[in-house]
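Trainee: give me the fold of what follows.
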Amino acid sequence: GKKSLRQKAVDELKHYYNGFHLLWTDTKVAARMVWRLLHGQVLTRRERRRLLRTCADLFRLVPFLVFVIVPFMEFLLPVFLKLFPEMLPSTFETESKREEKLKKKLNAKLEIAKFLRETIAEMAKRNKADTG
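Mentor: Okay, the predicted model is just below:
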């Protein structure tokens, strides 16, 4: 059903709280990884990707904080997210946005697979014609 304005505001505040909490946790883990790197240890591929994602999130946080701090600027956030879809740190993404990104990636992979399949079939026909 429809949510009241108060419930929407509470949900939005919970969303921001959870996003900042996750970002703080990721930052602590990334700091430990940097410490390990500085002491000569090697990171796994998964750890390296997490470190890169966290660093990117911290850089994205600066423009995002402007929207959170300046009064009534959060009303412009949807407009800026349409213009710059990757502006939001990954810890603030909603489940629907995450699913939408996965669907786009899957469609792109399917298109590439279809193109490669057609290319291989065409090459097989050419080779068959050349040898036959």
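Trainee: from now on I want contacts and neighbour counts done on CA atoms only, so please keep to that.
Mentor: Fine.
Trainee: neighbours of residue 68, how many?
Mentor: As a burial measure, residue 68 scores 14 neighbours (other CA atoms under 10 Å).
Trainee: isn't it up against residue 74?
Mentor: Yes. The pair residue 68 and residue 74 passes the contact test of CA atoms under 8 Å, sitting 6.2 Å apart.
Trainee: for this protein, which helix is longest?
Mentor: helix 95-131 (DSSP state H).
Trainee: ok, which stretches of the chain are strands?
Mentor: Counting by DSSP state E, the chain has no strands at all.
Trainee: what segments of it are helices?
Mentor: Going by DSSP H, the chain shows helices at 5-38, 45-69, 77-83, 95-131.
Trainee: could you list the buried residues of the first one?
Mentor: Applying a neighbour-count criterion of 16 or more other CA atoms under 10 Å, the buried positions in helix 5-38 are 15, 19-20, 23, 26-27, 29-30, 33-34.
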